[in-house]
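Output the structure for:
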Amino acid sequence: MTNLHRDYRLTQTIAIVNLLAVIWLGIQINRPAEQFHYANFGTQAQLVSATPAATRIKPGQPIKFTVKWWLSAPLPPNHNISYYVRNHKHELGRLDTNSIKSTSIKFTDIPADGILFTDELEIPTRRNIPPGIYEVVAFIFPPDDFKINPARGSAIYEVQRTIFNIEARL
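Predicted coordinates for the structure are as follows:
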């Protein structure tokens, strides 16, 4: 193998490595970032993070996301972790959960010393909603106080936390 041939192969290798680096970087840039929250919901539940699969959807398309929760003790009977998708005028979708989807363990049956779990969830949405920015919010239902937040001008519980925003586009 001549020096010229070896230099040519080295140049090809460097070009391929650079191309792979650009492709990898493009994937990383377009992937939604995990959003850390550490939001407490009373003394028994803490939302650690939420990561949307996409930040834009078409009306009727489900909203897919991953959540990580720390439950320090079992939730009381008939309590759900609920998720709403809404803006000030429209509700796009809702999901009520009473168990860890990936393991089917009910929130009332988790170990007494608590559990850290990750779940992949999907909120179905309506096809007839107008385009716009919507909040995905999480809360424990029923909340301890059932107070309505009058500053929001709608029936949104004070104990809810916005976990990420989603844009609905036609």
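
Please count neighbours and contacts with C-alpha atoms only from this point.
Fine.

got a list of what His79 touches?
Neighbour list for His79: 98, 140-142 [criterion: CA atoms under 8 Å, 6 or more residues apart in numbering].

For the protein, which segments count as strands?
Counting by DSSP state E, the chain has strands at residues 35-41, 45-52, 56-57, 63-71, 80-86, 91-97, 115-123, 132-141, 161-168.

The shortest one pairs with which strands?
Paired strands of strand 56-57, with direction, are strand 161-168 (parallel) (DSSP bridges).

now the strand it pairs with: how far from the chain's centre is it?
For strand 161-168, the separation from the chain centroid amounts to 9 Å (computed by CA atoms, centre = their mean, to the nearest Å).

do stretch 48-64 as well
Distance, centroid of stretch 48-64 to centroid of chain: 7 Å (CA atoms, centre = their mean).

what mean pLDDT does that stretch have?
Computed over stretch 48-64, the mean pLDDT rounds to 91.

for it, which positions count as buried?
48-53, 55-59, 62-64 (16 or more other CA atoms under 10 Å).

ok, Arg56 touching Ala168?
Yes. Using CA atoms under 8 Å, Arg56 is in contact with Ala168, at 5.9 Å.

can you tell me how far Phe65 sits from Glu122?
Separation of Phe65 from Glu122 (CA to CA, to the nearest Å) stands at 6 Å.

and what of Pro130?
20 Å.

between these two, which one's more packed in?
The residue with more neighbours, out of Pro130 and Glu122, is Glu122; 17 against 14, by other CA atoms under 10 Å.

Contact partners for that one?
Glu122 neighbours (CA under 8 Å, 6+ apart): 62-65, 95.
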